[in-house]
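Q: no sequence on this one, just coordinates:
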């Protein structure tokens, strides 16, 4: 076949601007130029505005005395401490409420997810109603409701609601006994730790033996018994070096014991109730995602329902549930910043609120605060990646 | 005589396995453990529901218009809810402190939004030109009785324009009337400029000094669509009007200071109205930005991709509260001295970019699910990137990610309450402010339960609507 003469109209050198690669680089250069110009302009404005307001930029303010008190301090703190100390206090308070919320929301969420699948109609409907009601109401509204509508109108300390004369609930918060550790108390946590290690070793050994010989071993019961018994034995052997300081009314307030702030209770309660509805949905969909055939095969092999759940359903469901569960934990940590609305002294309230207003170092403080949250979310996504690598569904 | 076999009539099922008794046996008392569970839940329900209903409904005070009625009811021993409080403050809960004489402007803006969005939201309900035209006329009539002649005329024009434009423009873009691409382009640009100039002058003459510029810009955008793109369906025109004409009308109607409307500054805005403004503008801005971010993240251009990844991951790692703090405390520092931004506008920008990152992740998930062949076919046909994305990829993607988008819309609606953190009075903020009224102290529960009910109705409606959308577009059947 004769070679076709090159088409005149489609000459390849029409214009360099039509080359997608060149266009791409031009567009990127333009975006970058605009961005850099905006950043330079912004920085210029910031330095200009700050010099006018008489604020020196930089992180030197962190070592200046903060000069304000904080209502809940997990480590010793007074208004003479520095801004850096206030930052640590706020961060610890954020971590405290997040940790409490994660634990209780997980428990309640798994409970909700399981009972939504219950064959019992009324129980399943109750769980469904709860889920549909709670997750369609803004979290902030729930926080405020618990704080302003339920906890604030509680009676004062003199008329506090109490349980057994040791726990008191009033408008100043929840008063609980404070443990006072005597001599040799350290033996008890040590025993507990040893028990946990022993339980893990036993369960590994039992699993290996079962894989080899097929003989089962009651490792769960055994481990639980160890974990309960060993600390108790240690406690008895050292002669109960543990006392409780019971809160008692003196004057207009309680003395002794630990005060749990009403802000903490309201935030913790609403984070738990709200996040649990989402966790419940993940758990439910995770269990439903396990193929029906898996359960039927397990029954056909003669597994009891409980063993079917433990050995077949839950391990497979957990692979589906864990990734959204972990990202829900991250959401909970971020949602704990709603503390600022009711005055729970979390990172945002103490640092991005009070400290910012006092020092005026807006840029530095907001950057530090955001960096902390970014760091937490980075850690959580690292955990997630690790989990996906090791446990994620394969072969799908 | 051979005996024929007569089948016995079937014995009816035992009475305990049919009817409500059978249902109860199967669903409530199938085992001893289940029976115990049923009784336990009934006990819980009996312990919680009656007191709640008694407080909220039977013992509640509904009638009257002052606090005395509630107080006397409380003294009689029936300590129910005082819904009179809500009734008296209802206007504040709905409009915030928007001046009473100007509230029709809020009503008109929201009513127009509802009427403009209905054909988009329920396409199956209003199928066919005739039905849509009738709907437009009915809407205009409704507006005539509530807002008078100008409102009705405007509504009729707005709703009929999408129907009238395609046949008026014919099947060809207007510019094909001119021979040659260059001549057409030059004519188009000249005509666009002329339209913008005429609109600018006309708006200035009619007393809309501040609005003349934006009106001219919106007119120019519309002219570009009319002249250069053409061949658009009624549905496409609805979207175009919703994103050009409607925001313009809404903004100048609500803010005022033009065409003889008095100025209502944003610190008078509040209540449910402000919540809807924040949620509505948030959705309308976050979705387009989110689409761009998702496309950027999937782009092959390294700089664009890196920037988008950094932005998305940064925003998703921080709480909205800190973004709002940044918008209210840090953002003004980055502006020149004499430039001040409205507080509401700053919050809106913060929320738009925050949710754009979440929308982008949802859309990216959808983009990954689109078969590669769709991209390749479009490129093989020589389609340019944006045309391919707009006409082939995005329609399929958005359809796929309806549940994810609906989830984001829901959390956006719930998160609008956070604007209270920087001092804006949305529904929640107004509720809180109303409780501080010395005349009405102590009705915290009522205020919050009312606000919760309003939010719940909106959120529940949106979640049902997303289920309806999923069914309409058969999302699950296509790619599963």
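A: Sure thing, it's come through. Because the structure is predicted, anything quoted here is derived from the model rather than measured. Numbers count the residues shown, from 1 in each chain, chains lettered A, B, ... in the order given.
Q: where does residue B:11 fall, helix, sheet strand or coil?
A: Under DSSP: H, G, I helix; E, B strand; the rest coil, residue B:11 falls in the coil class.
Q: Can you give me the neighbour number for it?
A: Residue B:11 has 6 neighbours, counted by other Cβ atoms under 10 Å in any protein chain shown. Every C-beta, even on glycine, is put in place using the N, C-alpha and C of the backbone.
Q: any idea of the pLDDT on it?
A: Note for residue B:11: predicted pLDDT of 85.
Q: pLDDT weak spots in the chain?
A: In the absence of a named chain, this looks at chain A. Residues of chain A meeting the criterion pLDDT under 70: A:1-15, A:17, A:392-396.
Q: you looked at the wrong chain, it should be chain B
A: Applying pLDDT under 70 to chain B flags residues B:1, B:77-78, B:170-181, B:183-184, B:207-209, B:228-230, B:474-480.
Q: Which helix in it has the most residues?
A: Counting by DSSP state H, the longest helix found in chain B is helix B:444-472.
Q: for it, which positions count as buried?
A: By 16 or more other Cβ atoms under 10 Å in any protein chain shown, the buried positions in helix B:444-472 come out as B:444-452, B:454-456, B:458-459, B:462-463, B:466, B:469.
Q: do stretch B:345-362 as well
A: Going by neighbour count (16+ other Cβ under 10 Å), the buried part of stretch B:345-362 is B:346-362.
Q: same deal with stretch B:29-46?
A: Within stretch B:29-46, the residues scored as buried using 16+ other Cβ under 10 Å are B:29, B:34, B:37, B:38, B:41.
Q: what's it in contact with?
A: A:118, A:119, A:120, A:122, A:123, A:126, B:28 (Cβ atoms under 8 Å, 6 or more residues apart in numbering or on different chains).
Q: centre of the chain versus the helix or strand where residue B:112 lies, how much separation?
A: Following DSSP states H and E, one finds residue B:112 within helix B:103-121. From the chain centre to the centre of helix B:103-121 is a distance of 11 Å (Cα atoms, centre = their mean, to the nearest Å).
Q: again, but for stretch B:427-441
A: Centroid separation for stretch B:427-441 versus its chain: 27 Å, with Cα atoms, centre = their mean.
Q: Can you give me the buried ones in that stretch?
A: Those would be B:427, B:428, B:429, B:430, B:431, B:432, B:433, B:434, B:435, B:440, for stretch B:427-441 by 16+ other Cβ under 10 Å.
Q: out of those, which are inside strands?
A: The subset of these located in strands under the criterion DSSP state E is empty.
Q: So which of the residues you listed reach chain A?
A: With Cβ under 8 Å from any Cβ of the partner chain as the criterion, the buried residues of stretch B:427-441 include B:428, B:432, B:435 near chain A.
Q: distance of the second one from residue B:423?
A: Using Cβ to Cβ, to the nearest Å, we find residue B:432 at a distance of 11 Å from residue B:423.
Q: Please check the contacts of stretch B:29-46 and keep the buried ones.
A: Applying 16+ other Cβ under 10 Å to the contacts of stretch B:29-46 flags A:118, A:120, A:122, A:123, A:126, B:28 as buried.
Q: The helix or strand hosting residue A:50 packs against which elements?
A: Per DSSP H and E: residue A:50 is located in helix A:20-53. Applying 3 or more Cβ pairs under 8 Å, 6 or more residues apart in numbering or on different chains; DSSP states H and E, we find helix A:20-53 packed against helix B:302-317.
Q: and with 10 Å instead?
A: In terms of contacts (3 or more Cβ pairs under 10 Å, 6 or more residues apart in numbering or on different chains; DSSP states H and E), helix A:20-53 is packed against helix A:362-391, helix B:302-317, helix B:385-388.
Q: Where do the strands of the stretch 101-250 of chain A begin and end?
A: A:161-163, A:167-170, A:173-176, A:178-181, A:242-245, A:248-250 (DSSP state E, counting those that start in this stretch).
Q: what does the third one rub up against?
A: Defining contact as Cβ atoms under 10 Å, 6 or more residues apart in numbering or on different chains, one finds that strand A:173-176 is touched by A:71-72, A:151, A:154, A:157, A:160-163, A:166-169, A:244, A:246-249, A:253-266.
Q: Pull the contacting residues for residue B:101.
A: residue B:262.
Q: same deal with the one 4 residues further on?
A: Taking Cβ under 10 Å, 6+ apart as the definition of contact, the neighbours of residue B:105 are B:98, B:99, B:147, B:250, B:252, B:253, B:254, B:255, B:256, B:261, B:262, B:264.
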